[in-house]
Structure formats: structure tokens, C-alpha cells
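Peer 1: Need a 3D model of the following:
(chains A and B)
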Amino acid sequence: MPSKSKAKARRGAESPIKPFYWLLGIIGLAGVGLIAFTVLKGGQAASEPVELPPEAVKNLNDLVQTAKGVKKGPDNAPVRLLIFSDFSCPACMNFTTRIEPSLRKDFIDTGKIQFVYYDFPLGGPGEHKWGFLAARAARCAGDQDKYWEYHDTLFGRQSDWMFERATPTKKLTDYAVTVGVDAGAFKSCLNSDKYADVVTANKELGNQLGVGATPTLYMNQRQVAEWGDYQLLKARIERELGIPATTSAQ
Amino acid sequence: MIEELETEAVRLDEIQPGAAAPWNRMAVAFCSLIGSLIALYLLAYKIRLLGSIACGTGGCETVQASPWADFLGIPVPAWGLGGYLTIMALALAGLEPRFVDSRPLAIALLALSTYAFGFSMYLTAIEAFRLHAWCRWCVGSAIVATLIFVFSLWEIPRIREKHFANQA
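Peer 2: Below is the predicted model of the structure:
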């Protein structure tokens, strides 16, 4: 029976491999399943607001006063959107360059919301080490009413300065000059300890609110998880403003 | 009857190489699968299927948002996923009896794994010397690429043997 023995030989030849194929299949399916589960779980979490701790809400106004957040938009706006951000954070850069322009056009410039920027320099010896200095630099530019211009430049040119090994004072000063800030006054501010206490207070405020990552946004005392998608964020703001949901599919 | 047995013996000889599946290719296939899963996770992260990339979470935000996160306009994890899947396909094909002794397959496997290892080292150097930031998943992928390269070195004797056999 040659065909039977041939088949037997073939089975014998394949037997060491088959369990291996099964092992690969099981690991592959389990891995893809785990990633799919994480994706679905993450999608649900992103749409749910997070309630702030009661003690944080109680003290929020005091903390806000101390930290001196930088405001954009009218004080009497019906909604306040607070952001805790780090100039050396790529995610914050993405928010500033991709989301913020639409946010400004649709809500801030029209007086519907007041946007308040708080520094939350992540610090550490790694990629976020110049975040604190940059936060101070922005405040120094703010002394000459150029905070937001400088803010945009810092984020826009983030990869040029955040990976510097030595203190990027020169680059920070050059950016200040490009937005029309007087270099002498800026340098003297940057080279002092000015605003170190304010930026530290910002970080403390964030810590007390439970900020663990940047950017973290709060709207009317609730954390906003939808900051990565403008359409979701817009819908959330419109809900807060009492505007009927639009079915815009831009 | 004897003739039939002899024919069968010849066929068994043909099958024999497949019976001893090259262990290094099994290892390469296994590592490639792990690498593919890491690349898939990083790709999902990069295209924001895993939520927004926030800083300070211990994730890979700095690396993923850096100018080196894309290569020729395509996210690096997508290149990684494609590369790992190709290497896995080659390694699995190399386990089939008819391809065990295939010189072109051995060369392709060695060449691709060497390229993957080199590219992985380049990305690791970017993390170390340009970004000063480490992404643990990227480091995991670099380790996997290194293992694949090491296991692929066992293809060299196959390539050489076949080369000399062809010359003879």
C-alpha cells in the first residue's frame, strides 16, 4: 500500500510543525483580540466625562486665582474651558495646531467660551525637561502682550527646541523676537526667577485637580475627554452651551 | 514489489528534509508574530484608535509625535507591521518541505531580517540621541527585530551549502 505509507510518512513529517502552527494561531488571535478589546474599551472611555473630586471643586476658584491662568475670550462667556498643558508635550502641540484653530474660530472669537491656559510642565530629565522654562518664557512674552503669539510659536516649533541638550535660551529668545517681543526685556525676564512661582502654582493646581497627563481639559468643572477629536469636542461644548446638536460631518 | 518500495524510499527521501523543521525559522516566525502584534498596537495608537495620545502617561507620545514617526509619509508602525508579516510569511513558507532547502528563500529571509534589524537600530538611535525619549513598545520591537536577525543567521550555512552544491 504505497499511498498509505506515503500519507503516513507525510503525517509523520508534518506532526512536529502542526502544534507550532496552532500555537502561532492562538497567540495571533489572542493578541489581535486583546488589541481590538483595548480599542473598543478606549473608545467608550473617551466619550464619558469624569466628575471632579468634591474638595477640588470647592477650592477650585481659590486655586484658579493663585495660578493666574492665561485667558482668551470674554470673562462673561457662558462656558469656561480650562486646559492644563505643557509646551514640551507633543500631544499638546497636536491639540494646539489641529484643534485650537477651529476652537478659536467657532467659540473663543465669538465670545461663547473663555479659554484659560494653565501650565502643567511634566518635567523630568527626559523629553519634557524644558517645559518649565518654556512656560516661564511664555509668561515673559505675556509681559509684552504677546503671550498667545508666543504660545503658538512655541508649539509650532516644538521639535526645534524641546530636544535641545543645553538650555534653549537662545532659541526661546529668537522666537520671542519673531513675534515682536523686545529681546532685552524678554531675556532679563527669562534669566531671572520671574514667574517660577506662578508656573509652580499652576502645576500644583493641576496636581490638586488630579491632572496626570497633558493636555487635560476641564469644562464647567468636568473633565473633557474628547479633546483629541474636534467634532466630539464641538458637540460637547454645544451641549454645555445648550445649542441643539448639529449633524455636521466636516 | 521491490521497485515499488524503492520508489517509495525515494519519495520518503524527498519528504525527509521537511520532517526536521528548521528550528530557527520556527523561532523567526514566532518572533515575527510578536513583532506584528507590537506594530499593530503602535499603529492603532498612532492613528488614534486607542484614544488620544496624551503626554505623561508613560506612553510613546514623544516618539510617536516626532518627525521620525513617519517614513516616506507612512507611519513607521505600518512599515513594521508589513515587514514583520512578510518575514513571518517567509519563515512559515520555509517550514514547508518543498522550501526547506530553497536558497532564494534563505537569502530573502536573511536579507529582510538584516534590513529590519538595521532599520530598527536606526530608530533606536533616533530615540537615544535625537529624541532622548524611550518608547517601551518600540524598544520591545527592537529586541524582537534583533532576535529575528540572530535566528536568521542560521540561514547562512544553508545559503553556503546550496551555493557549493550548485557549483559542484
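Peer 1: Can you name the helix or strand that residue A:223 falls in?
Peer 2: Secondary structure here is read from DSSP states H and E; on that basis residue A:223 sits in strand A:222-224.
Peer 1: just checking, next helix/strand downstream of that strand?
Peer 2: Downstream of strand A:222-224, the first helix or strand assigned by DSSP H and E is helix A:230-241.
Peer 1: got the buried residues for that following helix?
Peer 2: Within helix A:230-241, the residues scored as buried using 16 or more other Cβ atoms under 10 Å in any protein chain shown are A:230, A:233, A:234, A:235, A:236, A:237, A:238, A:240. C-betas here are computed from N, CA, C, even on glycine.
Peer 1: What confidence value was assigned to the fourth one?
Peer 2: Looking back up the chat, that one is residue A:235. At residue A:235 the predicted local confidence, pLDDT, stands at 91.
Peer 1: related to what we said a few turns ago, and the buried residues of helix A:230-241, which is closest to chain B?
Peer 2: Sorting the buried residues of helix A:230-241 by distance to chain B puts residue A:233 at the head of the list, at 10.5 Å, by Cβ to the nearest Cβ.
Peer 1: Chain neighbours aside, what residue packs nearest to that closest one?
Peer 2: Setting aside the residues directly before and after it, residue A:233 is nearest to residue A:226 in space (Cβ to Cβ, 6 or more residues apart in numbering or on different chains), at 4.8 Å.
Peer 1: Strands of chain B, residue ranges please.
Peer 2: Under the criterion DSSP state E, strands of chain B are mapped to B:70-71, B:74-75.
Peer 1: Please see if the last one touches chain A.
Peer 2: So the one you mean is strand B:74-75. No: for a cut-off given as Cβ under 8 Å from any Cβ of the partner chain, strand B:74-75 has no contacts with chain A; the smallest distance is 14.2 Å.
Peer 1: ok so, going back, please name every helix or strand in contact with the strand holding residue A:223.
Peer 2: Secondary structure elements in contact with strand A:222-224, counted by 3 or more Cβ pairs under 8 Å, 6 or more residues apart in numbering or on different chains; DSSP states H and E, are strand A:50-51, strand A:216-219.
Peer 1: ok, the longest one: who's next to it in the sheet?
Peer 2: Looking at strand A:216-219 with DSSP bridges, its paired strands and their directions are strand A:79-85 (antiparallel), strand A:222-224 (antiparallel).
Peer 1: quick one: residue A:119 and residue A:199 touch, right?
Peer 2: Yes: the pair formed by residue A:119 and residue A:199 meets the contact definition of Cβ atoms under 8 Å, at 4.9 Å.
Peer 1: Give me the more crowded residue out of those two.
Peer 2: residue A:119 (30 against 23; other Cβ atoms under 10 Å in any protein chain shown).
Peer 1: ok, how many other residues are close to residue 146?
Peer 2: In the absence of a named chain, chain A is used. Close neighbours of residue A:146, defined as other Cβ under 10 Å, add up to 19.
Peer 1: looking at chain B here, not the other one
Peer 2: Applying the criterion other Cβ under 10 Å, we find 17 residues in the vicinity of residue B:146.
Peer 1: which residues sit in contact with the closest residue to residue A:176 other than its chain neighbours?
Peer 2: For residue A:176, the nearest residue in space outside its immediate sequence neighbours is residue A:186; the separation is 4.5 Å by Cβ to Cβ, 6+ apart. By Cβ atoms under 8 Å, 6 or more residues apart in numbering or on different chains, residue A:186 lies in contact with A:137, A:140, A:141, A:143, A:144, A:173, A:176, A:177.
Peer 1: Going by secondary structure, residue A:186 is in what exactly?
Peer 2: Of the helices and strands defined by DSSP H and E, residue A:186 is found in helix A:183-190.
Peer 1: Could you list the buried residues of that helix?
Peer 2: Buried residues in helix A:183-190, counting neighbours by 16+ other Cβ under 10 Å, are found at A:186, A:187, A:189, A:190.
Peer 1: With stretch A:198-214 instead?
Peer 2: Neighbour-count burial for stretch A:198-214, counted by 16+ other Cβ under 10 Å, picks out A:198, A:199, A:201, A:202, A:203, A:205, A:206, A:209, A:211, A:213, A:214.
Peer 1: Show the model's pLDDT score for the most centrally placed residue in chain B.
Peer 2: Nearest residue to the geometric centre of chain B (Cα atoms, centre = their mean): residue B:87, 4.0 Å. We have a pLDDT of 96 for residue B:87.
Peer 1: excluding its backbone neighbours, what's nearest it?
Peer 2: residue B:32 (4.6 Å).
Peer 1: from what I can see that neighbour touches residue B:80, true?
Peer 2: No: the criterion here is Cβ under 8 Å, and residue B:32 misses it with residue B:80 at 10.6 Å.
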